[in-house]
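Participant: can't give you the sequence, but here's the structure:
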């Protein structure tokens, strides 16, 4: 049946039924598949070798084909290979492989699959595949190349010589597929972006659990907590993982190599972020002592003794005491006195937060029962003595010993 095709509208893709066997350096034999892409209006053709029939290999072959053409079509017509199409019944809509569909969306190319066992919608590439096998693959099998890359370059050279630059439909030597492509097809097609995306693993429809940690390839990554209960997608791009919701990027992580969950503070609710910040403040003895020193020298000496004697086992006691000072910043003198009294005990077992709280409570009771209504520190007593007129001589005359 004669078919009409518009220039630059579509590219047809198919695999050759024949394969190429390649002997590896270790003596094993690898089977290489031939992927063919053809523009149906000009019949301009690209062919490459792929190592297997996985989605990744198909996508890598398509990118190489687009780079060879230097342009891209509106849509790609494909066969029903399992790596590309998940389900397709005659007369029904096709269900594409999710990873392949996502990759083609990134390329900006629509997909159309021919009806099963009815390849008329891609008759151009069907015809071209036969020509590639007859004119190119038969010659390639007789040659010996050093590696797969060399075989691929040789195959493309044969396609260029015996198909693209050969006379087309007996119209004369001047009318070639390459000529038709450059004069008509390429002008109607779309230009390529500066950088073509590579194949990436794609995981659609992931439901975000209540802890907003998503499992991708056995590792946990955080996403913003507001997406809890919603469906998101994940894309693994080399060493990074990108999460999407309604095609918009919502989170990005470096690919994890450990079992420790990757949690970003900006993904947490406020209470979780505050707790995480609090925990991260005191991870080392140095950080604990630095914070204690900011509050009080007495507290610093206490924490230093605790950490020197018991190490990070006393981390909780130090943090509790630091927070006690922060909550009672206007009563530092009371807290310092409580620390001094606790340290005056010769029983180290009593050097704990319970004793500290008990002594602090006793000191507060003393203050409330005193005439001044406040606790008199050693500095307060000295200041009171020096300000009393009866003791003026203390400021001017050195007291005589024995008086």
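Facilitator: It's in. Quick caveat, the model's predicted, so the values are computed rather than measured.

Participant: so which strand or helix has residue 77?
Facilitator: If you go by DSSP states H and E, residue 77 is part of strand 75-78.

Participant: ah, wrong one, I meant residue 252
Facilitator: Using DSSP H and E, residue 252 maps to strand 248-254.

Participant: Just the buried residues of that strand, please?
Facilitator: Going by neighbour count (16 or more other Cβ atoms under 10 Å), the buried part of strand 248-254 is 250, 251, 253. (Each C-beta comes from the backbone N, C-alpha and C, glycine too.)

Participant: Please apply the same query to stretch 31-40.
Facilitator: Buried residues in stretch 31-40, counted by 16+ other Cβ under 10 Å: 32, 33, 34, 35, 36, 37, 38, 39, 40.

Participant: Mind putting the residues you listed into a markdown table with distance to residue 268 and pLDDT?
Facilitator: Output for these, formatted as a markdown table (distance: Cβ to Cβ, whole Å; pLDDT from 0 to 100):
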| residue | distance to residue 268 | pLDDT |
| --- | --- | --- |
| 32 | 50 | 92 |
| 33 | 48 | 94 |
| 34 | 52 | 95 |
| 35 | 46 | 96 |
| 36 | 51 | 96 |
| 37 | 48 | 97 |
| 38 | 53 | 96 |
| 39 | 52 | 96 |
| 40 | 54 | 93 |
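
Participant: Report pLDDT for residue 56.
Facilitator: In this model, residue 56 is scored at 92, pLDDT.

Participant: could you point out which element follows the stretch of helix or strand it belongs to?
Facilitator: According to DSSP H and E, residue 56 maps onto helix 55-69. The first helix or strand that comes after helix 55-69 along the chain, using DSSP H and E, is strand 71-72.

Participant: quick one on the thing from earlier: save the buried residues of strand 248-254 as JSON lines, and put in distance to residue 187 and pLDDT too.
Facilitator: Converted to JSON lines, the buried residues of strand 248-254 look like this (distance: Cβ to Cβ, whole Å; pLDDT from 0 to 100):
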{"residue": "250", "distance to residue 187": "40", "pLDDT": "95"}
{"residue": "251", "distance to residue 187": "42", "pLDDT": "95"}
{"residue": "253", "distance to residue 187": "43", "pLDDT": "94"}
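
Participant: didn't residue 122 look like it was pressed against residue 76?
Facilitator: No - if you go by Cβ atoms under 8 Å, residue 122 and residue 76 don't touch, sitting 9.9 Å apart.

Participant: Any chance you could list what contacts stretch 70-82?
Facilitator: With Cβ atoms under 8 Å, 6 or more residues apart in numbering as the test, stretch 70-82 has contacts from 8-15, 39, 53, 58, 62, 66, 84-85, 88, 94, 97, 104, 107-114, 116, 119, 121-122, 125, 186, 189-192.
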